[in-house]
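> turn this into a structure:
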Amino acid sequence: MNEINILLVEDNEGDIILTTEAFKDMEMENRLTVVKNGEEALRYLKKQGQYEGVPSPQLVLLDINLPGIDGKQLLGLIKKDEELKDIPVVMLTCSEDDSDISDCYDNQVNWYITKPIDYDKYTKVMHEIEAFYVSFVAYNK
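Here you go, the predicted model:
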């Protein structure tokens, strides 16, 4: 499989480090780009400003609790945009709130995952995301 471009939208430095480290162990080659808020993510996805010419992500990992445009708002914007709506979005967040979960699925999130705190469990979740992506791509070809 070719390299996969992943956009991580996360403002928590600890979670950024955990995700970066977990993705280093992946079988599939990946290029992980990190942005720290919803506005920056939108500029990246639309290739505006400093992001002109960047490769389009093939997977977005999105936290709910972001400054400015939060994760649920960003998800809605992505899924309503004709050019972006087909990018798989995984909500990777600490929130276990039922209303957050249902709001995300109402806005067509592809998968909602509550972040584990333990590194081994976190790495396992990253491998599950890898398997999800591979099966998603295979299914949508």
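
> contacts only, for Pro108.
Not quite, residue 108 is Gln, not Pro. Leu75, Lys79, Lys85, Val89 (CB atoms under 8 Å, 6 or more residues apart in numbering). Every residue, glycine included, has its C-beta placed from N, CA and C.

> report the buried members of the residues you listed.
Those of these that meet the buried threshold are Leu75, Lys79, Val89, by 16 or more other CB atoms under 10 Å.

> okay, and which of the residues you listed map to strands?
Val89 (DSSP state E).

> can you put the buried ones among the contacts of Gln108 in CSV and add pLDDT and distance to Glu10?
Output for those, formatted as CSV (pLDDT from 0 to 100; distance: CB to CB, whole Å):
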residue, pLDDT, distance to Glu10
Leu75, 98, 14
Lys79, 97, 19
Val89, 96, 13
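
> out of the contacts of Gln108, who's nearest Asp15?
Val89 (16.6 Å; CB to CB).

> which of the contacts of Gln108 sits closest to Asn37?
Looking across those and measuring by CB to CB, the closest to Asn37 is Leu75, at 14.1 Å.
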